[in-house]
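Colleague: let me see the structure of the following:
(4 chains)
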2 protein chains.
Amino acid sequence: MAREKSAVKPTEAELSLLNILWQMGPATVRQIHEEVTETHKTGYTTVLKILQIMHEKSLVTRDETNRAHVYAAANSEMHTQSSLIKDLISKAFGGSTSKLVMRAIDESTSAEDINDIRQLLNSLEKET
Amino acid sequence: MAREKSAVKPTEAELSLLNILWQMGPATVRQIHEEVTETHKTGYTTVLKILQIMHEKSLVTRDETNRAHVYAAANSEMHTQSSLIKDLISKAFGGSTSKLVMRAIDESTSAEDINDIRQLLNSLEKET
DNA sequence: CAAGTTTTACGATTATATTCGTAACCACTT
DNA sequence: AAGTGGTTACGAATATAATCGTAAAACTTG
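Modeller: Model prediction:
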């Protein structure tokens, strides 16, 4: 059995590019660079290099049909978020989801957020 | 104005030592090494070095009264957990706490965890 | 086609993280 | 005082991450 989906954790720089890809959809290096450089000045080839590395790690797919390759996130935002949370829960919360949630919700959490969460819980209303 | 409490994010190795310190309380390198090596074989001087670096970063305090220095976590587990969550929320959840919580709670979350969270929400029952 | 532009490929550099070997240092024992 | 064992200090080696310069390749246009 081959290891296809080894859980690769994106680095910070990689995650920032993934955020852009999730927002924009498939994009060229130029498009991605223009977007990322809005908030964080960085060189074009830096972005290119990181995308190439992400491709090696299978964090992104690459369409080489045209000269300007088109990159796309290999995994959904949801999927990646879930794995990042699971990672944090195991490394800093002794594996307890409720501890993480309790720590996440503090005095600064907005009323809307709290209502959103309450509705989510209601939707899980099974027995017990 | 000096920067005393610059938000220093512990690395993975550092976090694993902090977990031990939170669990054991102040401890010597030897005690920490014995504990960490239970689950992850590593050299004594490796642990020592990491603790020295953490001391430079002010992640731990060091009592040099006795020959075997006694290290202690500089910040509480709660405080560190909060800052790690805030970091993740900003880097992977567009700043939305509720998105993180919703992603944290999934079908695999235990009934106990869900009840814990529900009770937490109830305790926040203000107006709104 | 020649010149200029855009893009990819690749390697070098720098920074940070992790690991460990060696030596110096200190305390205790004999 | 010499030896023994536990401790810290320090630097080196390795690994990973992030950045960018240079050049070759691919296309565009005059």
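Colleague: what's the burial count for A:Ser76?
Modeller: 10 (other Cβ atoms under 10 Å in any protein chain shown). For every residue, glycine as well, the C-beta is placed using N, CA and C.
Colleague: need the contact list for it.
Modeller: A:Trp22 (Cβ atoms under 8 Å, 6 or more residues apart in numbering or on different chains).
Colleague: again, but for A:Glu56
Modeller: Per Cβ under 8 Å, 6+ apart, neighbours of A:Glu56: none.
Colleague: distance of it from A:Ser16?
Modeller: 18 Å (Cβ to Cβ, to the nearest Å).
Colleague: A:Ala72 in helix, strand or coil?
Modeller: strand (DSSP: H, G, I helix; E, B strand; the rest coil).
Colleague: shouldn't A:Leu124 be in contact with B:Ile105?
Modeller: Yes: if you go by Cβ atoms under 8 Å, A:Leu124 and B:Ile105 touch, sitting 7.4 Å apart.
Colleague: quickly list what's touching both of those two.
Modeller: B:Ile114.
Colleague: which of those two has more residues huddled nearby?
Modeller: Remark: of A:Leu124 and B:Ile105, B:Ile105 carries more neighbours, 21 against 15, as counted by other Cβ under 10 Å.
Colleague: quick one: mean pLDDT for the helix or strand A:Ser16 falls within?
Modeller: Element membership for A:Ser16 (DSSP states H and E) is helix A:12-24. Across helix A:12-24, pLDDT averages out at 98.
Colleague: report whether that helix contacts DNA strand C.
Modeller: No: counting by Cβ under 7 Å from any atom of the strand, DNA strand C is not contacted by helix A:12-24; separation bottoms out at 10.5 Å.
Colleague: of all the residues in that helix, which ones are buried?
Modeller: For helix A:12-24, the neighbour count (16 or more other Cβ atoms under 10 Å in any protein chain shown) marks A:13-22 as buried.
Colleague: which other helices and strands does that helix contact?
Modeller: Where contact means 3 or more Cβ pairs under 8 Å, 6 or more residues apart in numbering or on different chains; DSSP states H and E, helix A:12-24 is packed against helix A:29-39, helix A:44-56, strand A:70-73, helix A:77-92, helix B:77-92.
Colleague: again, 7 Å this time
Modeller: helix A:29-39, helix A:44-56, strand A:70-73, helix B:77-92 (3 or more Cβ pairs under 7 Å, 6 or more residues apart in numbering or on different chains; DSSP states H and E).
Colleague: take the ones you listed and lay them out in TSV including distance to A:Gln119.
Modeller: Formatted as TSV, those follow (distance: least, Cβ to Cβ, whole Å):
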stretch	distance to A:Gln119
helix A:29-39	32
helix A:44-56	35
strand A:70-73	28
helix B:77-92	19
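Colleague: deepest of those, which one?
Modeller: Ranked by mean neighbour count, the helices and strands packed on helix A:12-24 are led by strand A:70-73 with a mean of 20 (mean count of other Cβ atoms under 10 Å in any protein chain shown).
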